[in-house]
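# could you work out the structure for the sequence below:
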Amino acid sequence: MDKKLKVMVIQGPNINMLGTREVQIYGAMSMEDIHKQMKLVADQNDVEIEFFQSNFEGEIVDKIQECLGDADGIIINPAAYTHTSIAIRDALTAVALPSIEVHISNIHRREEFRQKSLIAPVVQGQIVGFGPFGYHLAMISMLQNFEQIKAYKAAQAQGQND
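This next block holds a predicted model:
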């Protein structure tokens with residue numbers, strides 16, 4: 001029996017304050033509510049999902065590194081570290097797992113210092129500006145990615161059997 005695929009969701013600083021923090025920018029939905037919705041999608045698709053939030057850069061780096069051998073993909077909202085953290089970028093590069101960057105607000109329409117992502121060049125894609133729904137889009141994207149990987153592996157195995 002194949003092992004269940006696993007998605008690690010990593011939330012950066014202040015994401016734990018969603019629902020109360022700058023509601024006009026980030027909306028009224030809490031991090032816990034977002035996670036519940038993501039878990040529903042994961043359960044419907046027989047995918048394991050784990051959630052992690054930290055306000056500390058080093059803890060986020062540690063969690064990314066722990067994904068190697070434990071997770072099949074990462075959905076990450078590095079929050080403010082998006083614009084400053086070479087360490088998070090390097091950790092994502094090192095584990096080389098399919099990764100998707102999510103931002104609730106459209107960082108490209110915000111202050112100039114928020115418009116540059118150090119993370120975007122090392123992830124498969126970036127979903128910005130769709131509010132909490134962006135996490136749902138990231139889940140759909142990750143599930144599609146898993147299907148593509150499965151199809152590629154099946155084609156490789158078929159080629160070896162020919």
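# alpha carbons only for contacts and neighbour counts from here, please
OK.
# for this protein, what helix or strand is lowest in average pLDDT?
Between all helices and strands in the chain, the lowest mean by mean pLDDT, DSSP states H and E belongs to helix 23-26, at a mean of 85.
# now that one, how far from the chain's geometric center?
Put simply, helix 23-26 sits 20 Å off its chain's centre (CA atoms, centre = their mean, to the nearest Å).
# one more: stretch 134-150?
Offset of stretch 134-150 from its chain centre (CA atoms, centre = their mean): 10 Å.
# buried stuff in that stretch?
Across stretch 134-150, burial judged by 16 or more other CA atoms under 10 Å covers Gly134, Tyr135, His136, Leu137, Ala138, Met139, Ile140, Ser141, Met142, Leu143, Asn145, Phe146.
# what does stretch 82-89 give?
Across stretch 82-89, burial judged by 16+ other CA under 10 Å covers Thr82, His83, Thr84, Ser85, Ala87, Ile88, Arg89.
# find the nearest non-adjacent residue to the fifth one, please.
Of all residues beyond its chain neighbours, the one nearest Ala87 is Val61 (6.8 Å), with distances taken as CA to CA, 6 or more residues apart in numbering.
# show me what contacts Asn14?
By CA atoms under 8 Å, 6 or more residues apart in numbering, the contact list for Asn14 reads Asn55, Ala79.
# again, only this time at 7 Å
Residues near Asn14 by CA atoms under 7 Å, 6 or more residues apart in numbering: Asn55.
# residue ranges with poor pLDDT in the protein?
Within the chain, the stretches with pLDDT under 70 are 1-2, 162.
# which helix or strand contains the residue positioned nearest the centre of it?
The residue lying closest to the centre of the chain (CA atoms, centre = their mean) is Ile75, at 1.0 Å. Using DSSP states H and E, Ile75 maps to strand 73-77.
# partner strands of that strand, with direction?
Partner strands and pairing direction for strand 73-77 (DSSP bridges) are strand 6-11 (parallel), strand 99-103 (parallel).
# tell me which of the ones you listed is the most buried.
The highest mean neighbour count among those, using mean count of other CA atoms under 10 Å, belongs to strand 99-103: a mean of 26.
# ok, residues contacting that strand?
73-77, 120, 123-129, 134-135, 138.
# stretch 117-134 too?
For stretch 117-134, contacts defined as CA under 7 Å, 6+ apart pick out 26-27, 34, 82-86, 89, 92-93, 98-107.
# picking that back up, quick one: contacts of the least confident helix or strand of the chain?
Against helix 23-26 from outside (CA under 7 Å, 6+ apart): Leu18, Ile104, Ser105, Gly131.
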